[in-house]
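K.L.:
Structure for the following, please:
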Amino acid sequence: MLSGSVLLRAQAVSAQEYDLSKIEEKAQKASGNIYMLEGVNGFGGGNIGVSVGDDGIVLIDDQFAPLAPKIEAALKGITDKPVKFVINTHWHGDHTHGNVHFGQKSVVIAHDNVRTRMAVPGAMPTKDAGPLPRHALPVITFDRGLTVHLNGEVVRVMHTPAAHTDGDAVVWFTKSNVVHMGDTFFNGMFPFIDLESGGSIKGYLAAAQKVLREV
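P.N.:
Numbering: from 1, shown residues only. The predicted model follows:
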């Protein structure tokens with residue numbers, strides 16, 4: 001199970017709030033053809049899920065855009081395949097701001113509410129506080145869930161309503177039996193629920209119960 005990250009307050013997280021210069025991206029194998037990238041030596045954003053295979057690389061979240069070169073370097077240690085798909089687990093910047101880089105050559109997938117929130121000018125702080133470029137927004141969105149077939153896996157993307165936010169997605173790689181829960185699961189710390197983004201305690205508990213019941 002791949003967990004999410006720490007958010008310090010109920011606002012979009014900006015790369016400008018953290019010193020990313022010392023962050024290193026560490027890769028470790030989870031199971032099958034699934035890996036995890038974790039930012040170490042500081043807070044670099046949520047853990048990244050990585051699926052590798054003939055269809056290219058599938059990323060689950062992509063942290064902050066300034067970390068893209070370090071993420072790509074870590075991926076080179078796993079495979080020479082290009083990043084072809086990015087699935088965002090929710091809209092917070094430490095999980096989606098990397099879309100600014102990876103969305104230029106990849107297909108971005110997320111819940112309907114993720115695109116809606118990301119498309120609001122200034123919703124995700126950037127250097128000029130302006131809107132994100134069009135290519136950083138999800139181009140495939142879903143309501144209740146989505147199934148994609150990539151790298152020999154049936155990948156189930158399941159919406160968990162009103163949990164950490166109103167656009168959370170849990171990603172289950174059914175063959176490798178790996179689940180990426182975004183920020184609907186915090187490892188070793190009290191979970192953060194973004195009430196301003198439609199999250200709720202009831203929904204957060206329901207998300208965990210859904211995973212335990214269906215995965």
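
K.L.:
mind checking the longest helix of the chain?
P.N.:
helix 201-214 (DSSP state H).

K.L.:
tell me which residues in that one are buried?
P.N.:
For helix 201-214, the neighbour count (16 or more other C-beta atoms under 10 Å) marks 203, 204, 206, 207, 208, 210, 211 as buried. C-beta coordinates here come from the backbone N, C-alpha and C atoms, glycine included.

K.L.:
so how far is residue 211 from the residue most central in space within the chain?
P.N.:
Residue closest to the mean C-alpha point of the chain, counted by C-alpha atoms, centre = their mean, is residue 61 at 2.4 Å. Counting by C-beta to C-beta, to the nearest Å, the gap from residue 61 to residue 211 is 17 Å.

K.L.:
one step back: any chance of the buried residues of helix 201-214 in a markdown table, with distance to residue 57 too?
P.N.:
Below are the buried residues of helix 201-214 laid out as a markdown table (distance: C-beta to C-beta, whole Å):
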| residue | distance to residue 57 |
| --- | --- |
| 203 | 31 |
| 204 | 30 |
| 206 | 31 |
| 207 | 26 |
| 208 | 28 |
| 210 | 27 |
| 211 | 24 |
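
K.L.:
separation between residue 56 and residue 50?
P.N.:
11 Å.

K.L.:
the more surrounded of those two?
P.N.:
residue 50 (26 against 16; other C-beta atoms under 10 Å).

K.L.:
Who are the contact partners of the more buried one?
P.N.:
Residues counted as contacts of residue 50 (C-beta atoms under 8 Å, 6 or more residues apart in numbering) are 27, 34, 35, 36, 37, 57, 58, 59, 60, 75, 78.

K.L.:
Over to residue 137?
P.N.:
99, 103, 108, 115, 118, 119.

K.L.:
Backbone torsions only: list them for the first one.
P.N.:
Torsion angles at residue 99 (phi, psi; degrees, to the nearest 10) stand at phi -60, psi -30.

K.L.:
and it, how many residues sit next to it?
P.N.:
28.

K.L.:
ok, the nearest residue to the residue nearest to the centre of the chain once chain neighbours are set aside to residue 158 distance?
P.N.:
What sits nearest to residue 61 in space, not counting adjacent residues and going by C-beta to C-beta, 6 or more residues apart in numbering, is residue 95, at 4.2 Å. Distance, residue 95 to residue 158, by C-beta to C-beta: 16 Å.
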